[in-house]
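Q: Okay, predicted coordinates and the sequence, questions at the end:
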Amino acid sequence: MSKSSHRHFTNLITVSRCFVVRACLSFGCLLTRSDCVQTAVPPKDASEVAVRRFRALIKQARTKVPFYASRLGNIPTKDEGAINRDGLSLFDCLTQFPLTTKDDVETNFPDRITDGSDSSDWRLMSTRGTAQRLITVQGFAKRDAVRAAQLRSLRLSGGYQPGMPMVEIPPEICDVVCGDEGERDEGVLSQAWEMFRNRRLLDAKSVRELRGLVERHWILNRKMYPGFGRFGSHPPNHVLDEYVKRLRRDRPYVLKALATYLVAIAKHIRDNNVQPLSIPVIKTMGSRVTPSQRAVLEQSFGGTYWDDYGSAEFGSIACECDQHDGLHVFDDLFFVEVVDAEGKRMPDGKLGWIVVTDLVNTTMPLIRYKIGDVGTMTAETCQCGRTAPRIKVKGRAFDTIVDGQSRWRTTDDIVDFLEDFPGVDSGQLTAIGNQRYELTVVEDPKQTLDQPKLCDEFSSWIGQDAKIELRVASTLQPESGGKFRYVRGDLDQQRAEQIVSSGFSPP
């Protein structure tokens, strides 16, 4: 069979598989009374859907969740019904609510911030942030919405259809918890046998669990590779060769991985003159890539990098379109704001704290939740034609360095500076205080690193009085949450608020 015939045959198999998968998904949703397939398609009346969900959310939070019952007590109940009727917008109503912080969740978890529903139907989600780790709760409706939002993000950013092959390389800690405390991961047949043996074939919860396993293992065509483990950020060549070999064999349509893993594999392909792969869609999970790294990924993997935004607390929140000019918010599932330290909305294009209201999770409501990231927002219609608000995520203010000239240096700035320096493959910066920094770099084996020159130029770039303690390492190790943190700032809350308020401009 010729290469052309083989390609056409493979495409035919993929199209047929996608058709069967969509039918199976629809049947599974019908069997479990799920709206996953419908929710995966953005509704035409997104604002009306959002208002309806918001009313239900506030009613549930006020009557069933002690934390919000006391906090929302002074907000007039009539406002809930007045939205879009008396000229009161969803945002006008939301601005009356105080911000919810990670400390609020941690202090009130679980009894005071959940609705008292049957805990046997809960999924406990563990965040994998580089700072504070939290446990959040999702009921069946929210789990369904998470699946739908993931499918929507994959379809809008790259044209993925269920059934197309996908490979994921998550943070190493996923070998232990995978972000899902209590998530079941046995095989489909094992679950079906347990249901038969225990006479639970008609049990709604068991059927939903079986459906989730079928989707994950049989329908979504998803493979999961292990992370780099003890090798940290820079595995030896023979390990990276194995990743390239597996990717070439599995031929995924989508590759999703921690940014560190993607960059390491991509640089290995580039630096060793390995034939580029042919993976149409490249995405990160739980991490960011810099503009310079984005170009390397697209060159080595032979596809397009698509950015998206989400978290363990919420799932997928927003994604890029083909214009690559900001991330479209799923505004029927979430209400996203960019606010100042007091919770007041920032003008379009102005930097502020990203605040998210989950319109679906009534089991553990998160209303105006300060997720910890900063960014900008615009309500302008995108050139792609979509009208949903767009956000641009800057990163975490706590991972920002204030240099000797009182300029703010973001993680992207620092990583790009280091990786552009001859002889540096990657680096990690830790602010010790009083303009003292510990700089750890991994050398590029193909170039000689001039260490004194690096210290001098970095000191000049970061501030004339900066004192640099340089350390050369063979690899960088992740944080306890499994992610890699390339800038460890020394900012306190007050200083971080100042940075955001100034829009990362000199004070």
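A: Structure's in. What do you need?
Q: in the sheet, who's paired with the most centrally placed residue in the chain?
A: Centroid-nearest residue in the chain: residue 310, 3.4 Å away (criterion: CA atoms, centre = their mean). Residue 310 has these beta-bridge partners by DSSP bridges: residue 316.
Q: ok, it touching residue 317?
A: Yes. Using CB atoms under 8 Å, residue 310 is in contact with residue 317, at 4.9 Å. For every residue, glycine as well, the C-beta is placed using N, CA and C.
Q: Between those two, which contacts overlap?
A: residue 149 (CB atoms under 8 Å, 6 or more residues apart in numbering).
Q: Could you pull out the helices in the stretch 101-250 of the chain for me?
A: Residue ranges of the helices in the stretch 101-250 of the chain, as given by DSSP state H, counting those that start in this stretch, are 102-108, 140-156, 188-197, 204-214, 237-250.
Q: Give the other helices and strands that the last one contacts.
A: To tie it back to what came earlier, the one meant is helix 237-250. When contacts are defined as 3 or more CB pairs under 8 Å, 6 or more residues apart in numbering; DSSP states H and E, helix 237-250 sits against strand 166-169, helix 259-271.
Q: Check the shortest one too.
A: For helix 102-108, the contact count by 3+ CB pairs under 8 Å, 6+ apart identifies helix 66-71, strand 369-378 as packing neighbours.
Q: Just name the most buried of the ones you listed.
A: Among the helices and strands packed on helix 102-108, strand 369-378 has the highest mean neighbour count (mean count of other CB atoms under 10 Å), at a mean of 20.
Q: What lies in contact with it?
A: With contact meaning CB under 8 Å, 6+ apart, strand 369-378 is reached by 99-102, 105, 129, 131-132, 311, 313-314, 326, 336-338, 346, 348-358, 389-398, 500.
Q: The residue nearest to residue 376 when sequence neighbours are not counted - how many residues pack around it?
A: Closest residue to residue 376 apart from its sequence neighbours, by CB to CB, 6 or more residues apart in numbering: residue 392 at 5.0 Å. Residue 392: 17 surrounding residues under other CB atoms under 10 Å.
Q: now residue 392, what's its secondary structure?
A: strand (DSSP: H, G, I helix; E, B strand; the rest coil).
Q: That one contacts residue 329, correct?
A: No. In this structure, residue 392 is not within contact of residue 329 by CB under 8 Å, at 11.5 Å.
Q: List the buried residues in stretch 346-358.
A: For stretch 346-358, burial by neighbour count (16 or more other CB atoms under 10 Å) applies to 346, 351-358.
Q: Check stretch 302-310 too.
A: So stretch 302-310, judged by 16+ other CB under 10 Å, has buried residues 303-310.
Q: Let me know the pLDDT of the residue nearest to residue 151 when sequence neighbours are not counted.
A: The shortest distance from residue 151 to any non-neighbouring residue, by CB to CB, 6+ apart, is to residue 40 (4.1 Å). Note for residue 40: predicted pLDDT of 83.
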